[in-house]
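> give the three-dimensional model of this entry:
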Amino acid sequence: MHRVIFIFLFCLGCSKATDVNLSDQQFQKWKNQKIADYEFTLTVNCFCTIETRGPHAIVVKGNKIQSVNGETYDPIKHYAVKTIDELFEVISINLERKPFSKTLEYDSKYHFPSNIYFDISQMIADEEIGYTVSQFKPR
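Numbers count the residues shown, from 1 in each chain. Prediction:
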């Protein structure tokens, strides 16, 4: 009986390390492509206003957001939008928090995170956060 519990706990630990390793590997593949100028659509999945959720058409130049939905980027107004590098940071930070549940999917060609979802605590309502990346195009 103790062996079964030990193996189960051991495998739980492996799962967390695998998520971190996979994210690190995808980030390295993303960085190796040296894509600094790109555009994409970002949808934020949260318990927040529709203006925050989007979808947001984002243009990035030199790894910095230039515009959101055709408007010049304003970090206060557009606080919820992220670059691809920032989405990798979101993943890293939330994996460290040991979430109750998560979804992490990566684009097979460019290796950016295409679908991110974290529910940090089963006991807290409406703290979930997610991001969906679509219509990605290098410039």
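> residue 20 contacts residue 95, correct?
Yes: counting by C-beta atoms under 8 Å, residue 20 does reach residue 95; the two are 5.6 Å apart. In short, each C-beta sits where N, CA and C put it, glycine included.
> so between those two, which is more surrounded?
Taking residue 20 and residue 95 together and counting by other C-beta atoms under 10 Å, residue 95 has the greater number of neighbours (17 against 13).
> would you map the helices across the protein?
Remark: helices of the chain, listed N- to C-terminal, are 2-32, 50-53, 84-96; assignment by DSSP state H.
> those helices: lowest mean pLDDT?
Across the helices of the chain, helix 2-32 has the smallest mean pLDDT, namely a mean of 65.
> show me what residue 133 bridges to in the sheet.
Here residue 133 shows beta-bridge partners residue 42, assigned using DSSP bridges.
> now swap in residue 119 and tell me
Following DSSP bridges, residue 119 is listed with bridge partners residue 101.
> and it, how far from residue 87?
17 Å (C-beta to C-beta, to the nearest Å).
> what of residue 58?
Distance of residue 58 to residue 87, computed by C-beta to C-beta: 11 Å.
> go on, residue 28?
As judged by C-beta to C-beta, residue 28 and residue 87 stand 15 Å apart.
> okay, these two: which has more neighbours?
The neighbour count for residue 28 versus residue 87, taken as other C-beta under 10 Å, is higher for residue 87 (19 against 10).
> is it true that residue 35 touches residue 109?
No: applying C-beta under 8 Å as the test, residue 35 and residue 109 come out as separate, 11.1 Å apart.
> looking at the two, which one has more neighbours?
It is residue 35, of residue 35 and residue 109, that has more neighbours when counted by other C-beta under 10 Å, with 17 against 8.
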